[in-house]
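Asker: could you work out the structure for the sequence below:
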Amino acid sequence: MPLLFRVVLLTVILSCFGCAPQTPKPQHPSEPTPLGEVTGGVVEPPASERYKADPDAQYEQPLASPDNPLPIYPPHLLSKRLPPISMQIRVVVDDMGQVTSVIAPEQTDAGQLPFVESIRSTVQGWKFTQLIKIIPGPGSTTLFDAMGNRSEYPGKAIALPFHQDYRFVFSQSEGKANITVHPSSSPES
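Answerer: This next block holds a predicted model:
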């Protein structure tokens, strides 16, 4: 066999070994990190705190972004194995769909403050679609949201500020955090 042929044959054989499937190295499981999981319930505010519906108008209800993150159980409290903590907060949203404030109950005791801070720091960055009031009539209205998205509405359309109430329940199961959240079903003024 000529030398060139041997070199080519050896190169092909060696390259085949490089293509052979590699057995993955076993990985040692890392220590699980206690994480929060969110659950809770809808909190309906009293009728006096809601918009009065205009019978001649239609409303496009706002939605919370599916990308809104959930708060975390304060890590430094996991070892205390506390009983469930239930917190109700109000999220105030401007006419563009951005959170302007997160209001906790005035009567929050010192032990609940880390939970309130976890909620506040997370929820402050939440995004919502706009609450739109549509009054039928001639023409159309163009509205823009905080992200610059454009929407066309028949007649006269007005973006409204609103608030939604949420209840977060922080609990533990076998030393791991559980957090639950439920939004109010209807936006409020």
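Asker: kindly list the longest strand within this structure.
Answerer: strand 131-144 (DSSP state E).
Asker: the helix or strand immediately after that strand in the chain packs against which elements?
Answerer: Once the chain leaves strand 131-144, the next helix or strand it forms, by DSSP states H and E, is strand 150-160. Using 3 or more C-beta pairs under 8 Å, 6 or more residues apart in numbering; DSSP states H and E, the elements in contact with strand 150-160 are strand 131-144. Bear in mind the C-beta positions are built from the backbone N, C-alpha and C, glycine included.
Asker: now do the strand it packs on: which elements does it pack against?
Answerer: Short answer (3+ C-beta pairs under 8 Å, 6+ apart): strand 131-144 packs on strand 58-60, strand 150-160.
Asker: between the helix or strand just after the last one and strand 131-144, how many degrees?
Answerer: Using DSSP H and E, the helix or strand that directly follows strand 150-160 along the chain is strand 162-173. On the basis of axes from the mean of the first three to the mean of the last three C-alpha atoms, to 10 degrees, strand 162-173 is oriented at 110 degrees to strand 131-144.
Asker: out of the helices and strands packed on strand 131-144, which is closest to Thr122?
Answerer: strand 150-160 (24.4 Å; C-beta to C-beta).
Asker: paired strands for that closest one, with orientation please.
Answerer: Sheet pairing for strand 150-160, assigned by DSSP bridges, gives strand 131-144 (antiparallel).
Asker: how far does the strand it pairs with sit from the chain's center?
Answerer: 28 Å (C-alpha atoms, centre = their mean, to the nearest Å).
Asker: now the helices for the chain?
Answerer: 3-19, 113-123 (DSSP state H).
Asker: rank those helices by pLDDT, which is bottom?
Answerer: Least confidently modelled of the helices of the chain is helix 3-19, at a mean of 42 by mean pLDDT.
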